[in-house]
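> Here's my sequence, what's the structure:
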Amino acid sequence: MNEPVQHDIQMGKDVGRLLLRCADRPGLVAAVSTFLAEAGANIISLDQHSTQQTGGTFMQRTIFHLPGLTAARDALERDFGERVADVFGMDFRLTEAAKPKRVAIMASKEDHCLIDLLWRNRRGELDMSVVMVIANHPDLADQVRPFGVPFIHVPARKDIRESAEQRQLDLLRGNVDLVVLARYMQILTPSFIDQVGCPLINIHHSFLPAFIGASPYRRARERGVKLVGATAHYVTDDLDEGPIIEQDVVRVDHRHSVDDLVRLGADVERAVLSRAVLWHCEDRVIRFGNQTIRL
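Numbers count the residues shown, from 1 in each chain. Below is the predicted model of the structure:
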């Protein structure tokens with residue numbers, strides 16, 4: 001948990017990020033490098049990973065500088081698709097580092113993850129643009145207001161879930177690149193996940209599946225746990241079983257009360273969620289099945 005948050009220092013104008021995934025074979029790095037060189041780009045950094053020595057899946061994150069990238073981006077993406085991606089069967093994503101991702105945060109009553117994200121963003125630790133906070137309770141409105149972010153109260157509970165999700169979708173679709181569930185204490189339906197049109201990141205304690213449901217810290221204390229942790233993952237139709245982005249733990253013992261465990265758990269949740277959001281916003285995370293690879 002003490003690992004400092006690492007920033008991508010290459011975030012200036014005309015800096016691009018190219019993420020790709022495909023079946024591994026010889027010549028992939030050469031093909032990408034040759035294309036970028038012929039386009040006039042200078043590669044700043046290149047990270048890659050293959051899941052096996054042969055016959056695996058290849059993943060790569062390339063940071064490059066190309067003068068006039070904004071004007072050239074669409075043509076560059078089209079040409080890369082035709083000349084490289086189609087030839088090698090690549091899934092790829094090309095982004096501009098200077099354009100922060102538009103992020104919506106969904107919350108309920110607990111404030112620790114929400115306020116931490118807003119605070120880190122205001123300090124410049126998270127390269128993103130928070131366009132709205134959506135909450136199913138009004139309790140956090142006064143805490144969000146000083147950050148200058150719109151706070152939208154959309155009541156949501158089981159009996160009005162369909163109408164609540166429709167209102168949320170009206171706000172989110174086409175307006176955000178990422179939704180962060182900062183202790184949003186409602187289950188999202190598969191229909192919502194399918195229609196929202198962008199990835200979702202969730203955070204929860206790492207007692208699952210041992211202490212599911214209400215009062216997990218009390219039951220964990222009664223069981224005598226020695227670790228308190230948190231997990232950040234992408235949201236899928238399978239509740240809390242999406243690809244894990246980041247996890248961390250802190251040691252505890254018999255001296256810690258339930259309140260101590262809750263406090264320590266909140267600390268871990270803040271750190272884990274901020275790292276997961278940072279890595280996603282810097283285009284460091286590539287999905288591989290129900291896992292993630294961070295480059």
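> Counting neighbours, what do you get for Ala276?
Residues contacting Ala276 under the criterion other C-beta atoms under 10 Å number 26. Every residue, glycine included, has its C-beta placed from N, CA and C.
> Also Val272?
Neighbour tally, Val272, other C-beta under 10 Å: 24.
> List the residues that contact it.
By C-beta atoms under 8 Å, 6 or more residues apart in numbering, the residues touching Val272 are 203, 230-232, 246-248.
> Give the PyMOL command for selecting the buried subset of those.
Buried members of the contacts of Val272, defined by 16 or more other C-beta atoms under 10 Å, are picked up in PyMOL with:
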select buried, resi 203+230+231+232+246+248
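> so can I have TSV of the contacts of Val272 showing secondary structure?
TSV is the format used below for the contacts of Val272 (DSSP: H, G, I helix; E, B strand; the rest coil):
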residue	secondary structure
Ile203	strand
Ala230	strand
Thr231	strand
Ala232	strand
Glu246	strand
Gln247	strand
Asp248	strand
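> nearest to Gly148, of the contacts of Val272?
Ile203 (23.5 Å; C-beta to C-beta).
> I'd like the distance between that closest one and Leu261.
Distance, Ile203 to Leu261, by C-beta to C-beta, to the nearest Å: 16 Å.
> How about Met106?
Using C-beta to C-beta, Met106 is found at 25 Å from Leu261.
> same question, Ile286
Relative to Leu261, and taking C-beta to C-beta, Ile286 is found at 34 Å.
> next one: Ala30
52 Å.
> on that earlier part again, when Met106 and Leu261 are compared, which one has more neighbours?
Met106 (26 against 21).
> so where do the helices sit in the stretch 101-250 of the chain?
Under the criterion DSSP state H, counting those that start in this stretch, helices of the stretch 101-250 of the chain are mapped to 112-122, 141-144, 161-172, 190-195, 216-223.
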